[in-house]
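Q: A predicted structure for the sequence below; I have some questions about it.
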Amino acid sequence: MSTITSTPLWAPLYGASFGEAFSRFWKKYATFSGRASRSEYWYWALANGLVLLVLFGATLALGLPTSTVDPATGTSTPGVIAVIGLVLIGAWTLATVIPGLALTVRRLHDINFSGWMWFLNLIPSIGSLIIFIFTVLPSDPRGARFDQPTA
């Protein structure tokens with residue numbers, strides 16, 4: 001008989017699967033403490049990208065044919081489907097902005113950087129590139145200082 005040990009939610013899950021990363025993202029919605037493994041971070045980035053790709057693609061494919069153009073002024077009016085698609089894109093973005101920020105902070109903790117490093121994103125042109133490079137770096141065991149184990 002074998003016992004299955006699962007990684008506690010407060011600890012990083014190294015080698016997380018796509019489904020595990022997606023699930024942990026929502027379970028740790030606004031958790032800025034602790035760490036997140038590369039697999040947790042990048043599988044979520046993949047899931048988020050796929051959802052946005054589908055939403056944008058459907059909005060364009062289904063919304064453009066229902067849009068109208070006023071021949072006199074040349075202005076276009078989006079159709080109902082395009083508006084619904086844009087509302088869904090906005091809702092998804094609003095629903096994922098806080099947990100996405102929290103995940104990035106936890107990823108920075110895993111490489112032993114302060115979560116405040118996220119603010120490098122505010123530097124025009126280069127800030128996002130720096131954060132991208134940080135999120136690709138391997139884990140640093142010293143990042144365990146950011147863990148807050150719970151029973």
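A: Alright, I've got the coordinates.
Q: For the chain, give the helix that spans the most residues.
A: Counting residues, the longest helix in the chain under DSSP state H turns out to be helix 80-110.
Q: can you give me how far it is from the chain middle?
A: The chain centroid and the centroid of helix 80-110 are separated by 7 Å under CA atoms, centre = their mean, to the nearest Å.
Q: name the helices or strands packed onto that helix?
A: Counting by 3 or more CB pairs under 8 Å, 6 or more residues apart in numbering; DSSP states H and E, the packing neighbours recorded for helix 80-110 are helix 18-27, helix 38-63, helix 127-136. The way it works is simple: take the backbone N, C-alpha and C, and place the C-beta from them, glycine included.
Q: buried ones in it?
A: For helix 80-110, the neighbour count (16 or more other CB atoms under 10 Å) marks 81-82, 84-85, 88-89, 96, 99-100, 102-110 as buried.
Q: For the residue nearest the centre of the chain, give me its contacts.
A: Central residue check for the chain by CA atoms, centre = their mean: the C-alpha nearest the mean position is that of Gly100, 4.1 Å away. If a contact means CB atoms under 8 Å, 6 or more residues apart in numbering, then Gly100 has Trp44, Asn48 as its contacts.
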